[in-house]
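Student: fold the following for me, if possible:
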Amino acid sequence: MEILKVEMPSVYDGIQREMPDVSEWEGFHFGGSVMGSSGRRLGRVVHPVKKPLRAGQSGSAILLPTNDKIQSSAADDECRDDDYISVCRPAHLAQNKFVSLLLNEAKQRQGGSGETNLRYGEEVIAIEEIDPESQSQPIISIKTSHGQTYQTRYLIAADGVHSFARRSFGIPMMGQNTMQNLINVHFRTNSHLSKMLMKDSDQAMLHFVYNSQLVGAFVCHDGRKGEWVLQIPFFPPYQTMDDFSIGKVREQVWAGLGLGMDSNEANECDFDVLSIRPWTMSSLVAQSYVNKSNNMVLVGDAAHAFPPAGGFGMNTGLQDSHNLAWRLALLLRSSNHHMASSVLTKYESDRKPIATQNAALSVRNYNRTLRIAKACYLDAQHPALLTTVLGSPPMSLLPLETRQVMFRRLVRVAMMPLASLTSLNSSLHANHIERNVQSILESGGSLPLVFPKYEIGFSYEHGAHSKKEDASNDTKGYCPRMRVGHRLPHTILEVWNSSISHARDGWSVLETTSHEAEDPSDSLFITLTDISSQLRKVLSYDTPVFTLLVLGALPASSLTSMRQAIDKVSNKMNTPLIMANILPEAPSDEDNVSENNITLIDSQRVIWKLMSEESSDTADNPCNAMVIVRPDGHISSAEFVEKGTISTAVEKIISKGLESAV
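Tutor: Take a look at the predicted model:
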């Protein structure tokens, strides 16, 4: 959301406008049916998504009393913007709606010209590299299903987990190729059924349902508009798509929702099945993100595929794009063809460890759901063992049709005891299952929804992802850092008056009121996060920029030499660099603040404190420090500078910061 807020504000606004109210998706339910009035509710948890998270706040879910109305996911105590780790809170929107927002954004960015470069729905069917006669890099030629041929210096392969581009360049995927086969049922409920399903006690994003007719997970994308998805385990070849005909699927949906097709309530309720599709859950990361010629690069699902538990697929893909976009912009500005190798290799070294980390996390999340199923006496190893037995001699000598019948009957027998969960009457079996599930949820074993240290605290720090993560720390809170590789923290700064003369548009202005000025023309309060993107917009640059943050007052005598050093390194590397001065308090004499200088006020001295925590330098005096910030908001260099040496140290520090980034 932070990326979208600063880079694509219209998409960000669209998500805020389109997504359902947080009360509809902050919870996960476990039970015999979606409707709690129709079956045993085994457990309900609620996640901290109502507000942005506070520093150090865990993302763990809270177990609610089974019979109580769902409570808010966050306390009603008021927090200042400074207390949060992000200017944004989590969001939930169906992928098809998000894709529609992105497509509209792409069309808007085409401008008013008659010819469009957007080829939505046009498939690439052939890719080849053409060696030019000169010594420059090869050109990639692509042919599409519409008979068009295009040539390009660089190809971004964002064509999904079955990426044609990745396969064309012979890049394999590494990991678990088939973790589970599933059937994905997209259905839409009518208004009467939607109203019944959206009772306060039944509202949740995920409903894990266990009964004698269905074991599956309902995903409520927008309950009031009737948008639902049901995911059902699928075991080919002993199950086929004939087992999931529209008639059979409708019976399973009714059984899972908790409404019998012959009940009086069902007379006015109905739903439309929009699609029934099989898919394979995998945990895969590409062996390489870049081809041998350094002119094709993988992004999103083409580079990685995760189990959906935790929702890391789309978010990781957006981070990929954010990391890659500014690198490609630098390459297209440069005439140095050898630069492509280092720049794109750096993209891979940044993003591949993150994908590997998120893949492992998603697998742990999937295993958390299996633990709940096991508490209902449904062990995922049993179907796997059964399929192995049926596929081995002597059982494999039987006709496939016979083995399919055997498999279906054995699955029905295994699910029969779950009938106790569709009754509101007490039974020893149902009570025992409920105690099992409650025990897991009480110990924090539920599937989380918020992962602060992964979603906000991810970093490109060398060696940060080498150690194996402890599953018990997956929802650990995030505390801001001013460390190389990390994102700039969400720190509240005031834009000093003389800096506002540049422009008011482009700043990531706070949306809450705790830092509003009495007179909006006097001052602005912004977040430090993504400062490079903000300055790019404020100063109307048409290319990504780096930022040099200088902490502490600057003597007038140093400004000229500093600007000369900045220009020298910037021109040498053909990389725009903007300087911003951060002061602990407003200048006493505004004449000492150059009109051409961006001045930001950190009245709480938060950045100095964070810098001191990362440095062996125990200087209490908030003098000078220099921080180089990449276009994507990550820190590439951060160090203290002795008083009086800043003008001589600046060139070395800038060069070090830019070179480490690219």
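
Student: longest helix of this protein, counting residues only.
Tutor: helix 339-375 (DSSP state H).

Student: by contact count, what packs against that helix?
Tutor: Of the remaining helices and strands, those touching helix 339-375 by 3 or more Cβ pairs under 8 Å, 6 or more residues apart in numbering; DSSP states H and E are strand 173-189, strand 206-210, strand 271-286, strand 304-305, helix 312-333, helix 428-442, helix 452-455. Glycine gets a C-beta too; all of them are placed from N, C-alpha and C.

Student: so, low pLDDT: which residues of the stretch 301-450 of the chain?
Tutor: Applying pLDDT under 70 to the stretch 301-450 of the chain flags residues 335-338.

Student: pretty sure Ala325 contacts Pro544?
Tutor: Yes - judged on Cβ atoms under 8 Å, Ala325 makes contact with Pro544 at a distance of 7.3 Å.

Student: just want to know which of those two has more residues nearby.
Tutor: More crowded of Ala325 and Pro544, by other Cβ atoms under 10 Å: Pro544, with 20 against 15.

Student: okay, which residue is most central for the protein?
Tutor: Asn315 (2.1 Å; Cα atoms, centre = their mean).

Student: got a list of what it touches?
Tutor: Contacts for Asn315 were tallied using Cβ atoms under 8 Å, 6 or more residues apart in numbering; they are Glu455.

Student: quick check: bridge partners of Leu64?
Tutor: For Leu64, the beta-bridge partners under DSSP bridges are Arg44.

Student: neighbours of it, how many?
Tutor: 19.

Student: so it makes contact with Arg44?
Tutor: Yes - look at Leu64 against Arg44 with Cβ under 8 Å: they come within range, at 4.6 Å.

Student: what's downstream of the worst-scoring helix or strand of the chain on mean pLDDT, the next helix or strand?
Tutor: Lowest by mean pLDDT, DSSP states H and E among the helices and strands of the chain is helix 497-500, with a mean of 62. With elements assigned by DSSP states H and E, the helix or strand that comes after helix 497-500 is strand 524-527.

Student: now that following strand: how far from the chain's centre is it?
Tutor: 25 Å (Cα atoms, centre = their mean, to the nearest Å).

Student: quick one: whichever strand or helix holds Val229 to chain centroid distance?
Tutor: Assigned by DSSP H and E, Val229 belongs to strand 227-234. Remark: strand 227-234 is offset 22 Å from the chain centroid, using Cα atoms, centre = their mean.

Student: next one: stretch 99-115
Tutor: Relative to its chain's centre, stretch 99-115 lies at 23 Å (Cα atoms, centre = their mean).

Student: buried ones in it?
Tutor: Leu101, Glu105 (16 or more other Cβ atoms under 10 Å).

Student: got the CA coordinates for it in CSV?
Tutor: The C-alpha trace of stretch 99-115 is given here as CSV (Å, rounded to 0.1, in the frame of the first residue of the first chain):
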residue,chain,number,x,y,z
VAL,A,99,-6.1,-5.8,-11.8
SER,A,100,-8.9,-3.6,-13.1
LEU,A,101,-7.5,-0.6,-11.2
LEU,A,102,-4.0,-1.3,-12.5
LEU,A,103,-5.3,-1.6,-16.1
ASN,A,104,-7.1,1.7,-15.8
GLU,A,105,-3.9,3.3,-14.5
ALA,A,106,-2.0,1.9,-17.4
LYS,A,107,-4.5,3.4,-19.9
GLN,A,108,-4.4,6.8,-18.1
ARG,A,109,-0.7,6.9,-18.4
GLN,A,110,-0.8,6.3,-22.1
GLY,A,111,-1.9,10.0,-22.4
GLY,A,112,-4.0,11.5,-25.2
SER,A,113,-2.0,10.2,-28.2
GLY,A,114,-3.9,8.3,-30.7
GLU,A,115,-1.6,5.3,-30.8
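
Student: can you tell me which residues contact Ser341?
Tutor: Asn294.

Student: list the contacts of stretch 195-203.
Tutor: By Cβ under 8 Å, 6+ apart, stretch 195-203 touches 23-25, 27, 29, 34-37, 69-70, 189, 220, 223-224, 257, 259, 265, 269.

Student: and it, average pLDDT?
Tutor: Mean per-residue pLDDT for stretch 195-203: 87.

Student: run the angle between the strand holding Val229 and strand 271-286 for me.
Tutor: Orientation of strand 227-234 against strand 271-286 (axes from the mean of the first three to the mean of the last three Cα atoms, to 10 degrees) gives an angle of 60 degrees.

Student: partner strands of strand 227-234, with direction?
Tutor: strand 173-189 (antiparallel), strand 215-222 (antiparallel).

Student: looking at these, which is closest to His304?
Tutor: Among the strands paired with strand 227-234, the nearest to His304 by Cβ to Cβ is strand 173-189 (8.3 Å).

Student: now the closest one against helix 339-375, angle please.
Tutor: 60 degrees.

Student: give the buried residues for strand 173-189.
Tutor: Met173, Gly175, Met179, Gln180, Leu182, Ile183, Asn184, Val185, His186, Phe187, Arg188, Thr189.

Student: and that strand, how far from the chain's centre?
Tutor: 19 Å.

Student: please narrow the contacts of stretch 195-203 to those residing in strands.
Tutor: Gly27, His29, Thr189, Cys220 (DSSP state E).

Student: list the beta-bridge partners for the last one.
Tutor: The partner list for Cys220 in beta bridges (DSSP bridges) reads Trp228.

Student: about what we covered before: show me which of the buried residues of strand 173-189 is closest to Val437.
Tutor: Distances from Val437 to the buried residues of strand 173-189, taken by Cβ to Cβ, are shortest for Gln180, at 20.6 Å.
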